[in-house]
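# sequence plus predicted model, see below.
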Amino acid sequence: MARQTPRRRAWTGVALLTALVAMGAGAWGLQRWAPFTDEVTAPSWPGNVAPLVDYVEEATGEHFVDQVLIEYIDQKADYVARVRAEPIELTAADRKADLTDEAVGRALGLWAGDASITKMHEAMDGADPIPVTWLADENTIVINTKSFLTELSPLLRAELTVRLTQALDDQLFHTLDRIQRVPTSQEYQALVAISVGHAVWVHDLYVADLSDDDIDEYYTASDEGNADWADATADIPVSYQAIRSVGQQIGPGFIEALSEEGRWSVAQALSTDVPTALDQISLPVGKYLRRDALEPVTAPPGPAAAHVQYSNQMGPFATYLLFSTGLPLNVALTASDGWGNDRYTAYELDGRMCVDVHLVADSRDDADRLANGLNGWARVRPKEADALVGRNGNDLYATACDPGTDVDQSVPTESAVQQYVARAQELQFRADLSGDPSLAECVAVGFFANYDIATLDGSFDYFTESDNIEQDCLNTF
């Protein structure tokens, strides 16, 4: 499996589910301090990159203070060799950890059978890289094209806006170093989501501004790349890909909602007021702007006779994926919105890998919905999993064990992932359209609470239904 340096590894989610991604900071005192001169040398850019730098700076309200090197490599094989990290041999400890994670995923019902973590990584690392890569360790953006004299294709230009935004944010907010230092998995996922989301948001603005001919060329190339990625990762469970890439999918909606409040709001979220969990990314008004603090939670200790492997967080998205296996998708999504915090403990007992989960709700009503979600999940677990659930007020508990590689079980579907992602995209679209993120979130939440998209067919009148929900929201404001 190809391992990457820590600064590169922080961004592996950028090209997972879709290979080719579908504030004022100028007055914040972020320019380089030059104590012995009145002049600061501005970065200079190659001719085919400079217009994209201007676009990124205009879109974000930020400005580069340091030069980013631009490298051109024409031949694809040479480009891939340059940007792909060298594979290293896995240690026995690495392989044992992968086996543990595989069993934990089966115990929770995220995947079934002999899904191999090692092979999943190999498949993703072996897929063709996108044609523009930011090598953060080297402060270099590498472009798969001939030279600074080459007219860049719409796809290369759009991808450059992503990498330039990432590099710019890292200069101003030290995003990569901070991603490596966050103390919990939810803070990690949230910071990755807003960092990647900001870059994809700029990309989306740029693509929307393309001419009709450039749009056609862009989507033709993008679709080809996405098809190649889908082929390379076809055997990877949907839930694994989704957990790795969900931030990329929902982050732009968060940025759009905050940008309607003002660029300063985006800058704060990237620096001094970073979200602490993915639910704040997916519901930026109800969970972030009206801050919904994490509930206190303790990790289950594991049975006395067990060998504890580790403790971690599932988070609201993984919680939703579990619920989606046993409830209609709209019901599962509404239930997971009541997530207040969680910890789970993975342990080995009598030769089996098991997981104990402690889930805390935001309120009593949320606890009722979370309990419904856990009960639905438990009902569809195979008997070999020995699933149990319990409740004490707003604290909910669940236990399940690895049923083994030969047992079939209900696992999250592509439709389940789309239910979660599409709500964030609806929020982004409506926030941009109306300029009112509160109204946009009300409509998006209402629509996806009412409808399971897996059950909708061609006769469904989306516009009428969404307009009715919008009117209901307006009546309550």
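Perfect, thanks for sending it. Bear in mind that the values here come from a model prediction, so they are computed numbers and not experimental data.

# can you tell me the element the residue nearest to the spatial centre of the chain falls in?
Nearest to the mean C-alpha position of the chain, counting by C-alpha atoms, centre = their mean, stands Gly247 at 1.5 Å. In the assignment (DSSP states H and E), Gly247 maps to helix 238-261.

# okay, buried residues for that helix please.
Neighbour counts over helix 238-261 (16 or more other C-beta atoms under 10 Å) mark 238-260 as buried. Bear in mind the C-beta positions are built from the backbone N, C-alpha and C, glycine included.

# just checking, the residue nearest to the centre of the chain touches Val196?
Yes - the pair Gly247 and Val196 passes the contact test of C-beta atoms under 8 Å, sitting 5.5 Å apart.

# which elements pack onto the helix holding Gly247?
Applying 3 or more C-beta pairs under 8 Å, 6 or more residues apart in numbering; DSSP states H and E, one finds that helix 238-261 contacts helix 185-208, helix 263-270, helix 278-282, helix 315-324, helix 414-434, helix 437-450.

# I'd like the mean pLDDT over that helix, please.
Averaged over helix 238-261, pLDDT sits at 94.

# report the angle between the axes of it and helix 414-434?
Helix 238-261 and helix 414-434 meet at an angle of 10 degrees, taking axes from the mean of the first three to the mean of the last three C-alpha atoms, to 10 degrees as the criterion.

# tell me which of the helices and strands packed on helix 238-261 sits most buried.
Per residue and on average, the most neighbours among those fall to helix 278-282, with a mean of 29 (mean count of other C-beta atoms under 10 Å).

# okay, now Val274: neighbour count?
18 (other C-beta atoms under 10 Å).

# and if you look at Pro129?
17.

# show me the contacts for the spatially closest residue to Ile236 that is not a sequence neighbour.
Distance criterion C-beta to C-beta, 6 or more residues apart in numbering; nearest residue to Ile236, sequence neighbours excluded, is Met120 at 4.9 Å. For Met120, the contact set (C-beta atoms under 8 Å, 6 or more residues apart in numbering) comprises Ile236, Pro237, Tyr240.

# would you confirm that the second one contacts Leu108?
This points to Pro237. No - under the criterion of C-beta under 8 Å, Pro237 makes no contact with Leu108, lying 11.8 Å away.

# who's more crowded, the two?
Counting neighbours by other C-beta under 10 Å for Pro237 and for Leu108 shows that Leu108 has the greater number, 27 against 18.

# what does the pLDDT read for that one?
Model confidence at Leu108, given as pLDDT, is 97.

# now distance to Thr140 too, for the helices and strands packed on helix 238-261, in a markdown table please.
Shown next, in a markdown table, are these (distance: least, C-beta to C-beta, whole Å):
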| stretch | distance to Thr140 |
| --- | --- |
| helix 185-208 | 17 |
| helix 263-270 | 22 |
| helix 278-282 | 29 |
| helix 315-324 | 33 |
| helix 414-434 | 31 |
| helix 437-450 | 36 |
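
# go through those helices and name the closest to Ala97.
helix 185-208 (15.2 Å; C-beta to C-beta).

# what about the helices in the stretch 51-200 of the chain?
With helices called from DSSP state H, counting those that start in this stretch, the stretch 51-200 of the chain shows them at 76-83, 92-108, 117-126, 154-173, 175-181, 185-208.

# pull the CA atoms of the shortest one into PDB?
Listed in PDB are the C-alpha atoms of helix 175-181, where the atom choice follows Å, rounded to 0.1, in the frame of the first residue of the first chain:
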ATOM      1  CA  THR A 175      -4.400  24.200   7.600                       C
ATOM      2  CA  LEU A 176      -2.300  21.100   7.000                       C
ATOM      3  CA  ASP A 177      -0.300  21.400  10.200                       C
ATOM      4  CA  ARG A 178      -3.500  22.000  12.200                       C
ATOM      5  CA  ILE A 179      -5.200  19.000  10.600                       C
ATOM      6  CA  GLN A 180      -2.400  16.900  11.900                       C
ATOM      7  CA  ARG A 181      -2.700  18.200  15.400                       C
END
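
# which residues are in contact with Phe323?
Residues near Phe323 by C-beta under 8 Å, 6+ apart: Val331, Ala332, Leu333, Ala335, Ser336, Gly373, Leu374, Gly376, Trp377.

# packing partners of whichever strand or helix holds the first one?
Using DSSP H and E, Val331 sits in helix 329-336. In terms of contacts (3+ C-beta pairs under 8 Å, 6+ apart), helix 329-336 is packed against helix 315-324, helix 364-380, helix 414-434, helix 437-450.

# taking helix 329-336 as reference, get the angle to the last one.
Spelled out, that is helix 437-450. Relative orientation of helix 437-450 versus helix 329-336 (the same axes, to 10 degrees): 120 degrees.

# and for helix 437-450, what are the contacting residues?
Contacts to helix 437-450, defined as C-beta under 8 Å, 6+ apart, come from residues 256-258, 260-261, 283-286, 289, 330, 333-334, 337, 419, 422-424, 426-431, 433-434, 465-466, 469-470, 472-474, 476-477.

# with adjacent residues omitted, what lies nearest to Leu99?
Ile117 (7.8 Å).

# need the contact list for the one you found.
Asp98, Leu99, Asp101, Glu102.

# Ser324 now?
Per C-beta under 8 Å, 6+ apart, neighbours of Ser324: Ala332, Leu333, Pro412, Thr413, Ala416, Gln419.

# now the two most distant members of these.
So, those by C-beta to C-beta: farthest apart are Leu333 and Thr413, at 13.4 Å.

# so the two - more neighbours on which side?
Applying other C-beta under 10 Å to Leu333 and Thr413 shows that Leu333 carries more neighbours, namely 24 against 16.

# so where is the protein shaky, pLDDT-wise?
1-41 (pLDDT under 70).

# can you give me the domain boundaries for it?
The chain breaks down into these domains under automatic domain parsing: 6-84+129-289, 307-401, 418-476.

# any idea how far apart the tips of the shortest one sit?
Using C-alpha to C-alpha, to the nearest Å, one end of domain 418-476 lies 28 Å from the other.

# returning to that earlier point: the helix holding Gly247 to helix 92-108, inter-axis angle?
Using the same axes, to 10 degrees, the inter-axis angle of helix 238-261 relative to helix 92-108 is 80 degrees.

# can I get helix 238-261 in PDB, CA atoms only?
Taking Å, rounded to 0.1, in the frame of the first residue of the first chain, the C-alpha atoms of helix 238-261 are listed here in PDB:
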ATOM      1  CA  VAL A 238     -19.600   2.400  -0.700                       C
ATOM      2  CA  SER A 239     -19.400   3.300   3.000                       C
ATOM      3  CA  TYR A 240     -15.600   3.200   3.100                       C
ATOM      4  CA  GLN A 241     -15.400   5.500   0.100                       C
ATOM      5  CA  ALA A 242     -18.100   7.800   1.500                       C
ATOM      6  CA  ILE A 243     -16.500   8.200   5.000                       C
ATOM      7  CA  ARG A 244     -13.200   9.100   3.300                       C
ATOM      8  CA  SER A 245     -14.800  11.700   1.000                       C
ATOM      9  CA  VAL A 246     -17.900  13.000   2.700                       C
ATOM     10  CA  GLY A 247     -16.200  16.300   3.600                       C
ATOM     11  CA  GLN A 248     -15.500  17.000   0.000                       C
ATOM     12  CA  GLN A 249     -19.200  16.500  -0.800                       C
ATOM     13  CA  ILE A 250     -20.700  18.600   2.000                       C
ATOM     14  CA  GLY A 251     -18.000  21.200   2.700                       C
ATOM     15  CA  PRO A 252     -18.900  23.500  -0.200                       C
ATOM     16  CA  GLY A 253     -22.500  23.900   1.200                       C
ATOM     17  CA  PHE A 254     -21.000  25.000   4.500                       C
ATOM     18  CA  ILE A 255     -18.800  27.600   2.800                       C
ATOM     19  CA  GLU A 256     -21.700  28.900   0.700                       C
ATOM     20  CA  ALA A 257     -23.800  29.400   3.800                       C
ATOM     21  CA  LEU A 258     -21.000  31.200   5.700                       C
ATOM     22  CA  SER A 259     -20.100  33.300   2.700                       C
ATOM     23  CA  GLU A 260     -23.600  34.700   2.700                       C
ATOM     24  CA  GLU A 261     -22.900  35.900   6.200                       C
END
